[in-house]
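I'll drop the sequence and a predicted model, then ask my questions.
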Amino acid sequence: MILNKDAAKSLVIKILQKRGFQIQSVKKVNHGRHIMLFTQSQNFYLLYKTEPLHSFNHLHSNYTRKPNTFKGHGETINYEWLRYAMKHNCLLLYVYESDPFNKEQEDRIYWIHPKKIKDFCEEHKLLRPHEKPTTEQIPHSRSVQSFNEVTYDFPIALLERFNN
């Protein structure tokens with residue numbers, strides 16, 4: 001079991017170093033919920049998850065009722081952080097706390113390009129606006145901004161195992 005995002009970060013760094021990547025810097029983003037790893041050739045955006053989005057079929061029944069669509073569990077990312085990952089040329093890594101089908105920790109890491117999520121979700125209308133606005137303080141200011149976040153939900157079947 002991968003107990004927390006720090007353990008996930010350590011595991012991913014170890015795997016990346018085995019693959020020849022040299023970590024140049026590490027940055028916490030999204031109020032410390034996500035971690036960016038910068039290397040000389042590829043950046044990685046790490047999302048630690050305790051479990052996937054179990055309610056994907058329910059939330060997106062208009063999509064899952066169509067023939068030849070992915071059904072089952074889903075995954076999510078807020079558009080703000082998806083855009084941030086694209087801007088920094090990151091590969092998204094989803095690391096799961098546990099996976100009943102995979103006992104090896106390295107088998108709990110999945111990857112996807114952020115543009116693939118964006119294109120897929122926009123094409124299939126898998127966007128979920130939040131009901132309540134989010135309020136955040138503007139960095140280096142006393143001002144506060146309020147905005148409605150949008151979550152991009154996608155079928156977990158789009159993720160690829162990182163341990164290949």
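Received, thanks. Numbers count the residues shown, from 1 in each chain.

drop to CA atoms for contacts and neighbour counts, all remaining ones
Fine.

neighbours of Tyr110, just the number please.
Residues near Tyr110, counting by other Cα atoms under 10 Å, number 21.

Surely Thr50 and Tyr94 touch.
No - at 10.2 Å, Thr50 does not count as touching Tyr94 under the criterion of Cα atoms under 8 Å.

May I have the secondary structure class of the residue located most distally from the centre of the chain?
Here the centre of the chain is the reference, and by Cα atoms, centre = their mean the most remote residue is Arg142, at 30.0 Å. Here Arg142 takes the coil state, with states given by DSSP: H, G, I helix; E, B strand; the rest coil.

Next: Gly32.
Assignment for Gly32 (three-state DSSP): coil.

Run a quick neighbour tally on it.
Look at Gly32: counted by other Cα under 10 Å, it has 9 neighbours.

same question, Val29
14.

residue contacts, it?
With contact taken as Cα atoms under 8 Å, 6 or more residues apart in numbering, Val29 is in contact with 35-36.

Find the helix or strand that Ile15 is a member of.
Using DSSP states H and E, Ile15 sits within helix 5-18.

Would you agree Ile35 falls within a strand?
Yes - counting by three-state DSSP, Ile35 falls inside a strand.

neighbours of the residue lying closest to it once chain neighbours are set aside, just the number please.
Nearest residue to Ile35 in three dimensions, chain neighbours excluded: Lys28, at 4.5 Å (Cα to Cα, 6 or more residues apart in numbering). The criterion is other Cα under 10 Å. On that basis, Lys28 has 13 neighbouring residues.
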